[in-house]
Every structure is written in C-alpha cells, then in structure tokens.
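>>> Pasted the sequence and its predicted model underneath.
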Amino acid sequence: MIPDKVCRKAATPSYIFDLEALSQRVAQLRACLGSRVRIVFAMKANPFLVRALLPLVDGFEVCSPGEERICRRIGVPGEKMVLSGVNKEEADVDAYVRCYGAEALYTVESELQMERLEAAARRHHCTLGVLLRLSGGNQFGMEEAAVRKLIGQRDRFPGLVIRGLQYFSGTQKRLKRICQELDELDALIGELEGAETEEGGFPIAELEYGPGLPVSYFIGDKGPSDEELLTALAGKLQELKFGGRITLEIGRFLAAPCGSYLTSVRDLKKGSDAAYCIVDGGIHQMNYFGQMMGMKLPRMRLLAADRREAPASASGSGDGCAGALLTGEAGPDAVHWTVCGSLCTTADVLVRDLPLKELHLFDTLLFERTGAYSVTEGISLFLSRDLPRVYFYENGELALIREQLFTEEWNSGRIDQDS
C-alpha cells in the first residue's frame with residue numbers, strides 16, 4: 001500500500017498506479033495458476049500499464065486500432081499481441097498484417113473478418129494464425145454453428161491456420177458460472193476434435209478464455225478471496241480434458257488492485273437535510289462496476305491536509321504507512337456527507353452517507369482499487385473538465401507520466417473563427 005505521505009505529493013485529481021503492486025499481482029496469478037497457463041492482459045482495462053507489464057505477461061489483448069498504435073509506440077512485439085475486436089475494418093486488417101504478419105495472433109468474429117484476413121494474408125504472402133471467437137450470447141463472436149461452418153470450410157482460407165477458440169462472456173462473474181463455461185468449452189472442443197463429427201476431427205491447439213474474475217470494490221462485499229478464486233480456477237483448469245495451450249485473458253482482476261484515485265475537498269455545505277462535500281474530481285474520472293449513484297461505500301481512505309494530523313477515527317496516522325479504510329462507522333458525532341464531484345449534474349455523486357467525525361477543505365479522499373477502467377472508461381469529456389494527472393509509484397517515489405490535459409481541443413471546433 002502506498003504510504004500517505006507519498007500520496008499527498010500528488011496533485012488532485014489524479015490516478016496513482018503502483019507498479020510494485022502490479023508486479024506482485026502477476027506473480028500471484030502465476031503462482032496460483034501454474035506454468036501451463038499463459039496470461040494475456042486485456043489492455044482495455046488500463047493501457048497505461050502496458051509498458052510495465054511487457055516483461056511480466058505473455059501477451060496483450062488488443063481490441064482497437066488505437067490500442068494497436070499504443071503497442072507499436074511502446075514496442076510490443078507481434079508475438080505478444082492478440083489482435084481482436086468486433087469491428088476490424090479492411091484497412092486496419094491490412095495494416096496489422098503488413099506490420100506483424102505471422103508473428104501476431106488474430107481473432108475472427110465473423111465470416112467477413114475471416115475473408116478479410118485471408119485477403120490480407122495473400123497480399124502480404126504470409127500464413128496467419130487465427131482464433132475463432134465463440135459468442136457468449138451478445139454481439140461479439142459467432143454462434144457455434146458459424147464456428148463449425150468455418151472449420152468445415154477451412155480449405156477456402158489457405159492463408160489462415162485455425163489455432164483454436166476464444167471465448168469471453170462478461171466480467172465480475174461468479175465462480176460457478178466460470179466453471180460451467182469451462183465445462184461447456186471443454187465439451188465443445190471434445191466434439192470438434194472427435195472424428196465422428198460431421199466436419200471430421202479437427203485439432204484445437206489453443207483455448208483463449210476470459211474468466212471475468214470478480215473484483216471486490218465495496219465495503220461489505222461478500223464472496224471468496226482472490227486466493228480462493230485463483231485456487232479454484234486452477235483446479236478447474238486441471239480437470240479439463242483439453243490438453244492444448246490455455247491462455248487466460250485477464251484485465252480487471254489483474255489491474256484493479258494496483259490503482260488509486262485521489263480527489264480533494266473543495267467545498268463543504270451543511271443544510272437542514274444534507275451535508276455536501278464537493279471534490280475536484282467526479283464520476284467522469286472515478287468509475288466502479290456496480291457503483292449505483294454512490295449508494296455503496298468503496299474502499300477508500302481519508303488523507304488529512306498537510307497542516308494537521310488525520311484524526312485516528314478517520315484514517316489512522318497522518319503520516320507513514322497508509323491508515324485504515326473508512327468503514328462507514330464513525331460514531332454518533334459524525335457528519336454524514338454526500339460526496340459530489342465538480343460536474344454540473346445531479347448524477348455526479350461518488351458516495352452517499354459517508355460518516356466522518358472530521359472533514360476539512362483540502363483534505364484528500366483516496367479511492368482504492370481504481371487500477372482498471374476508471375482511467376479510460378469514465379465520461380471524461382463531459383462538461384469539459386480537464387483530464388487528471390497520472391502517476392506511477394515505484395521504489396518509494398512518484399513519477400508523473402501524464403500531465404493534466406485540457407479538454408477544449410476535443411470539445412470545440414478546429415476551424416479558425418477569425419478567418
């Protein structure tokens with residue numbers, strides 16, 4: 001956990017990503033899942049972490065041309081990229097194949113994508129490895145019948161080698177559902193590999209699966225611990241009859257614990273029926289899965305402003321190591337605050353009914369477990385608020401990796417009004 005005295009050095013609003021915690025998270029995954037399992041980071045969860053994860057994970061799930069350009073800028077080699085996405089434009093497919101050729105792995109979400117990849121392979125005189133994405137009942141991937149059809153018609157695509165299947169149905173899933181999905185995938189692979197199938201036996205070399213492991217964001221969340229989840233998942237993977245390579249696509253579960261979001265108190269208002277704390281951030285920057293208009297209490301800490309010590313009832317010691325989580329219990333003398341951001345909308349509520357004995361201007365609220373999605377998923381351009389700073393924490397120090405960015409360039413026209 002990043003010490004309070006280090007967090008106080010960060011200007012607000014901002015994100016801090018703890019690279020040491022990130023490395024420890026990957027080590028935990030590897031220790032629990034074993035050497036058979038490859039770990040691919042779904043970079044949509046947090047593209048800022050790609051460079052730090054490059055030596056730690058086996059690959060990256062790349063789902064847009066923008067994400068591919070980030071990988072190219074950082075120098076991610078083709079063999080560590082799974083080029084995915086529901087919409088692969090013809091020009092993008094051609095650019096990918098021209099740049100990475102047979103080094104990268106490509107997903108197929110429709111027959112049209114299969115045809116575009118085949119055409120690009122012929123133009124660039126290479127053979128591409130592909131994964132057929134099986135639908136989880138949404139717009140992504142293909143129904144089982146379409147997957148079987150493409151396998152049966154694979155001779156139409158001499159430039160492509162079908163390596164296996166990809167499957168992802170959602171996030172924050174219960175362990176029971178994960179196990180059920182793995183059983184169903186195992187049975188399907190068995191059918192595809194069996195000689196008695198209509199298409200004839202077809203070997204499946206790889207299964208890429210997105211488990212959607214749940215992350216506990218809120219005080220009072222119930223369920224198995226991370227260690228218990230990983231141990232159970234590892235046991236289930238060992239039970240599978242499938243003997244090929246298993247790749248787990250992990251985003252939220254890997255990145256969430258390494259991030260913190262900091263926002264400071266800018267105004268305090270007490271009325272007859274409510275007390276409002278206005279902070280310099282808001283819902284456009286801090287987003288939890290299942291947040292529900294601030295009705296749940298996230299894991300968070302109160303950092304008192306430098307001019308005074310943090311009260312023990314709120315956050316433990318004011319300096320040194322991080323204090324205790326705010327628990328929502330602060331005694332009869334507490335004020336129950338509604339924490340609101342800076343957006344001019346009633347929807348901008350981060351936390352309701354946050355009891356604190358003391359809260360002052362320029363104190364900082366630190367929201368934990370914001371290492372996944374918050375940095376990119378929020379409605380960050382809404383009401384033209386500036387984009388927050390981004391810091392890395394490593395070796396006891398903060399490093400600013402993105403300065404505050406102004407939004408008027410994106411939220412106004414580019415035509416010179418004086419011309």
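Thanks, I have it. Residues are numbered from 1 along each chain as shown.
>>> In contact with residue 143, which residues?
residue 135 (Cβ atoms under 8 Å, 6 or more residues apart in numbering). Where you see a C-beta, it was placed from the backbone N, CA and C, and this is true even at glycine.
>>> Show me the helices in this structure, by range?
4-7, 19-33, 50-53, 65-74, 90-100, 111-123, 144-152, 175-193, 226-239, 252-255, 312-315, 374-377 (DSSP state H).
>>> Distance check, residue 251 against residue 46.
Using Cβ to Cβ, to the nearest Å, we find residue 251 at a distance of 8 Å from residue 46.
>>> Give the residues shared as contacts by the two.
residue 372.
>>> Looking at the two, which is more packed in?
Under the criterion of other Cβ atoms under 10 Å, the comparison of residue 251 against residue 46 puts residue 46 first, with 29 against 23.
>>> what's around the nearest residue to that one once chain neighbours are set aside, how many residues?
Using Cβ to Cβ, 6 or more residues apart in numbering and skipping residues adjacent in sequence, the residue nearest residue 46 is residue 255, 4.6 Å away. The tally of other residues near residue 255 (other Cβ under 10 Å) stands at 28.
>>> if we can go back for a sec, what would the helices of the chain look like in JSON lines with distance to residue 210 and mean pLDDT?
Shown next, in JSON lines, are the helices of the chain (distance: least, Cβ to Cβ, whole Å; pLDDT from 0 to 100):
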{"stretch": "helix 4-7", "distance to residue 210": "32", "mean pLDDT": "92"}
{"stretch": "helix 19-33", "distance to residue 210": "14", "mean pLDDT": "97"}
{"stretch": "helix 50-53", "distance to residue 210": "17", "mean pLDDT": "98"}
{"stretch": "helix 65-74", "distance to residue 210": "16", "mean pLDDT": "97"}
{"stretch": "helix 90-100", "distance to residue 210": "21", "mean pLDDT": "97"}
{"stretch": "helix 111-123", "distance to residue 210": "18", "mean pLDDT": "98"}
{"stretch": "helix 144-152", "distance to residue 210": "17", "mean pLDDT": "95"}
{"stretch": "helix 175-193", "distance to residue 210": "10", "mean pLDDT": "96"}
{"stretch": "helix 226-239", "distance to residue 210": "12", "mean pLDDT": "96"}
{"stretch": "helix 252-255", "distance to residue 210": "10", "mean pLDDT": "97"}
{"stretch": "helix 312-315", "distance to residue 210": "36", "mean pLDDT": "34"}
{"stretch": "helix 374-377", "distance to residue 210": "17", "mean pLDDT": "89"}
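>>> Per the annotation, how does this protein divide into domains?
19-256, 257-402 (automatic domain parsing).
>>> And those: which comes nearest residue 6?
domain 257-402 (6.1 Å; Cβ to Cβ).
>>> what distance separates the start and the end of that closest one?
20 Å (Cα to Cα, to the nearest Å).
>>> Check the offset of it from the chain's centre.
Remark: domain 257-402 is offset 20 Å from the chain centroid, using Cα atoms, centre = their mean, to the nearest Å.
>>> for stretch 299-306, which positions count as buried?
299-304 (16 or more other Cβ atoms under 10 Å).
>>> Give me the helix or strand of the chain that scores worst on average pLDDT.
Sorting the helices and strands of the chain by mean pLDDT, DSSP states H and E puts helix 312-315 at the bottom, at a mean of 34.
>>> I figured residue 219 hits residue 299, correct?
Yes - taking Cβ atoms under 8 Å as the definition, residue 219 is a contact partner of residue 299 at 6.4 Å.
>>> Walk me through which strands the longest strand along the chain pairs with, and which way each runs.
Looking across the chain with DSSP state E, the single longest strand is strand 259-270. Applying DSSP bridges, strand 259-270 is found paired with strand 14-18 (antiparallel), strand 275-279 (antiparallel), strand 364-368 (antiparallel).
>>> Include mean pLDDT, distance to residue 112 and mean neighbour count when you put those strands into a markdown table, please.
Formatted as a markdown table, these follow (pLDDT from 0 to 100; distance: least, Cβ to Cβ, whole Å; neighbours: other Cβ atoms under 10 Å):
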| stretch | mean pLDDT | distance to residue 112 | mean neighbour count |
| --- | --- | --- | --- |
| strand 14-18 | 98 | 38 | 24 |
| strand 275-279 | 97 | 47 | 19 |
| strand 364-368 | 95 | 42 | 24 |
